[in-house]
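[1] just to be clear, the model below is a prediction. Sequence and coordinates:
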Amino acid sequence: VKNGGGPVHYAGAEGEGCVADLPRIQPVDTTAAGDSFNAGYLAARLTGQDIATAIRAGHAVAQRVISARGALVEI
């Protein structure tokens, strides 16, 4: 669900909560924002991070991607 960088509400086997302290930037190009979030989130979960930490990781990756033009950015 698109939320424009707003709070992320979650619920699952580990409980429920809200991550509301995510930094916001003015996007340059939102191409691949969702895929980027998913990649960061899944990578964090696969390395044992909790849901809130994984949401922050996904947000950080997506934020980096939307700060440049196109779906591929330099790291």
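    Nice, thanks for sending it over. Numbers count the residues shown, from 1 in each chain.

[2] show me what contacts the residue lying closest to Glu14 once chain neighbours are set aside?
    Counting by Cβ to Cβ, 6 or more residues apart in numbering, Glu14 lies nearest to Ile51, which is 5.7 Å off, once chain neighbours are set aside. No exception for glycine: its C-beta is placed from N, CA and C like everyone else's. By Cβ atoms under 8 Å, 6 or more residues apart in numbering, Ile51 lies in contact with Tyr10, Gly12, Glu14, Gly17, Arg45.

[3] distance of Ile51 from Ser36?
    18 Å (Cβ to Cβ, to the nearest Å).

[4] about what we covered before: pLDDT at the residue nearest to Glu14, what is it?
    On the pLDDT scale, Ile51 is placed at 95.

[5] from the contacts of Ile51, which two are the most distant?
    Gly17 and Arg45 (14.9 Å; Cβ to Cβ).

[6] just the helices in the protein please.
    Remark: helices assigned in the chain by DSSP state H are 33-46, 51-65.

[7] for those, could you give me JSON lines that also reports distance to Val73?
    Compiled in JSON lines, those are given as follows (distance: least, Cβ to Cβ, whole Å):
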{"stretch": "helix 33-46", "distance to Val73": "9"}
{"stretch": "helix 51-65", "distance to Val73": "6"}
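
[8] Gly4: which of the ones you listed is closest?
    In terms of Cβ to Cβ, the element of the helices of the chain nearest to Gly4 is helix 33-46, at 10.2 Å.
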